[in-house]
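[1] I need the structure of the sequence given here:
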Amino acid sequence: MPDNASPPPGEQGTGRPGYPPPGVCAPAAPLWPGFLTGQEDSPVRVLLVEDDEFMRRVIAQELLSDLRIQLEGQAGSLRDGRRLLATHEFDVLMVDLRLGDGTGFDLIQEAREHHRAGEIIVISALEDESHVLRAFELGATGYLLKDAWLQSFAQAVLQVVNGGAAITPRLARRLLSRLSYRPPGALPPAEPLQREATLTARECEILRFVARGHVTEEIGNKLGISGQTVNAHIKNIYKKLHVHSRAQAVSYAAYTGLI
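    This next block holds a predicted model:
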């Protein structure tokens, strides 16, 4: 090699193909593993129903900028939202609760009846407990506040399709405070529904991870158990609490002061 010639790529400074030169870090591994749902060659299909045109445009721009997500359709009313549900397949429905011609709760119910495999994320300015709990009871798996800064709409979509629950950090903090703190000697809140609500210590631990938005693989890695074991615990939690989703389990546990 001539004295003034540059070494081939991958050999600079080391003479070993494929290694970076001294002092230079190797490229980071992909941040989005191939085993997770939502890949560029198989993006997550999303429907967006939001009557605020500006907010709808903001959310749409964020979703469109992520190649792991495909925005299948948008609507600004309950009527047009119903039309989207009837004409499009989807993986995630994002819906506002206040629509000009009705309520997003109606759309959540219809989506759950006809698209049982789909995930539902509420986008709302309403953060009172009654609206949050009702959305989860109807089958929502996420609840995002419109005025929250520390959240990502695209990340929320990817969380719910991979088994997580997407909740605005401010709401998650509120839920976690109810999950983790109870004054000495205090009794849990009165139980409005009779359920077999005794969880094991491991089930409580897993439920706390779910409340923080961790997916199955992450929980398994943190606890040193397999994803299959994590899912088995989660199924037991569903059975004991008589719920059908992770968001419902977290909501119920927070509401009752179960853990």
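
[2] Glu72 is in what secondary structure piece?
    strand 69-75 (DSSP states H and E).

[3] got the buried residues for stretch 244-251?
    Within stretch 244-251, the residues that count as buried by 16 or more other Cβ atoms under 10 Å are Ser245, Arg246, Ala247, Gln248, Ala249, Val250, Ser251. For the C-beta atoms, the positions are set from N, CA and C on the backbone; glycine is no exception.

[4] between those, which is nearest Asn162?
    Arg246 (11.0 Å; Cβ to Cβ).

[5] now do the contacts for the closest one.
    Thr141, Gly163, Gly164, Ala165, Val210, Ile234 (Cβ atoms under 8 Å, 6 or more residues apart in numbering).

[6] for Thr168, same thing?
    Glu127, Tyr143, Leu144, Leu145, Ala148, Leu150, Gln151.

[7] in PyMOL, how would I select the buried members of the contacts of Arg246?
    The buried residues among the contacts of Arg246 can be selected in PyMOL (16+ other Cβ under 10 Å) with this line:
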select buried, resi 141+163+164+165+210+234
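
[8] and the angle for the helix or strand following the strand holding Glu72 with strand 69-75?
    Next helix or strand after strand 69-75 toward the C-terminus (DSSP H and E): helix 78-87. Helix 78-87 runs at 130 degrees relative to strand 69-75, counting by axes from the mean of the first three to the mean of the last three Cα atoms, to 10 degrees.

[9] quick one, strands of the stretch 1-150 of the chain?
    For the stretch 1-150 of the chain, applying DSSP state E, counting those that start in this stretch gives strands covering 44-49, 69-75, 92-96, 98-99, 102-103, 119-124, 142-145.
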